[in-house]
Structures are given as structure tokens and as C-alpha cells.
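[1] next comes the sequence, and after it the predicted model I'd like to discuss.
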Amino acid sequence: MCSGSFAKCLGITLIPLAILCVLCNILLFFPGGLVAEDNNHITNEVFYFGGIMGSGVMMIFPALVFLGLKNNDCCGCCGNESCGKRFAMFTSIIFAGVGVLGAGYSFIVSAVAIHNGPKCLYTNGTTDLWTNPFVNGDYLNNHTLWEGCRKPEGIVTWHLTLFSMLLVMGLLQVVLCAIQVVNGLIGAICGDCCGCCGGE
């Protein structure tokens, strides 16, 4: 398979991942699937826009570049120094780096959000307070702590599910962009259609 065709496959994979990340981040603005009465009832990490900016917008540009590499009219074979295909493959490395940064940002924000837990109306003895009760607690292993969250209903599961999806998709995007860095390097050195290997 030519490196341009392989890059196109990566681009096709990155587009739906980017869309899913944007949707996950948007859903997080609706804690428990409900409209928040106050912005202070939404987890702080949601406003860092890891899924919208990092794994979404910053991933669309690399994906479009990867998709366009296959449509280049140039053959890209070794020995054709006037060909722009090698430069295009080299440029894709830069865009892949942008993708790694964006997806890495989303991954870090998601990991921090999972560690800190969601904001909820928490019952502590006789008082009810909108707070982030899990910052200092190991709520992931102690499900009894979840029962203290009275509103929104099912917020811990909602929070964990969506941020876990962002975490996994961000990691997958990092891996795909890293693969394109290697693919782009091979395409820049050897040309698009395996010219180094004697292929046509």
C-alpha cells in the first residue's frame, strides 16, 4: 500500500473520532442528561474543551490533510526530484504533530476529570451542597461514595462514561497520528509508492 493511501485510511478513521469527541464534550454540558440550572453545577474540566478543541477542531485539520495526500496528482516515485509528493508527505508530519498535541491535551483533561470526579448536590450529614466531593477521595473504588450525590441522578456514571470515552478516543488519536509521523517520514524519504523497495 502506498503511503498516501495509508494516510487516507488514517484520515477516514480520524474524522468520526473527532466528531464523537465533540459530541461527548457537548453532552458533558448537560450533567446526567439534564440542562444545568447553573454553570457552577457543571464540572470544571468540561470548560477546558478537551473534546471540542483538542480532539475535535485540532484533529480535523490533520485528518483533512491526510485525506488529501492520496488525491495528489504527483506519482512520488524515487528519482523524481521535481515531484511535490515527498514535500506533501513531510508536511503531513507537521500536521500529525498538531494532532498529537490536540489529542494529548484532550487525554490529559479527561484523565484529570476522571480523577477529580463530577460536581453534584452532595449530602454531607445534614447539609446539601453543590460541590466536587470526590477530589480527595478514591471514589472509583468506593461506590458507596456515589450514593452521596443526590442530583443530578446518575451523574457519576454519566461523568465517568463520557470522560472515559474521551480518554480512550484521545489515546487512539495520538496513536494514529504517531503512525502517520512514521508513514509520512517513509513517504518523504522513499516517495509515495514504495519507490525505495523497487515498487512502482
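    Thanks, I have the structure now. Bear in mind the structure is a predicted one, so any value in this text is a computation, not a measurement. Numbers count the residues shown, from 1 in each chain.
[2] low-confidence ranges, this structure, go.
    1, 71-83, 136-137, 192-200 (pLDDT under 70).
[3] please report phi then psi for the most far-flung residue of it relative to its centre.
    Each residue of the chain has a distance to the centre, and by C-alpha atoms, centre = their mean the biggest one is for residue 126: 40.9 Å. When read as degrees, to the nearest 10, the backbone of residue 126 gives phi -100, psi -10.
[4] what's the answer for residue 151, then?
    phi -140, psi 150.
[5] can you name the residues that contact it?
    32, 120-121 (C-beta atoms under 8 Å, 6 or more residues apart in numbering). From N, CA and C alone the C-beta is placed, and that goes for glycine too.
[6] these in strands, which ones?
    Among those, the residues falling in strands (DSSP state E) are 120-121.
[7] possible to save the contacts of residue 151 as TSV with distance to residue 184 and neighbour count?
    Listed next are those as TSV, based on distance: C-beta to C-beta, whole Å; neighbours: other C-beta atoms under 10 Å:
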residue	distance to residue 184	neighbour count
32	43	18
120	45	26
121	50	16
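[8] turn the contacts of residue 151 into CSV, including distance to residue 154.
    Converted to CSV, these look like this (distance: C-beta to C-beta, whole Å):
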residue, distance to residue 154
32, 5
120, 10
121, 13
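[9] ok, now which ones touch the residue farthest from the centre of the chain?
    Contacts for residue 126 (C-beta under 8 Å, 6+ apart) come out as none.
[10] show me which residues of stretch 168-185 are buried.
    Buried residues in stretch 168-185, defined by neighbour count with 16 or more other C-beta atoms under 10 Å: 169-174, 176-177, 180-181, 183-185.
[11] residue 110: which of those is nearest?
    residue 170 (6.2 Å; C-beta to C-beta).
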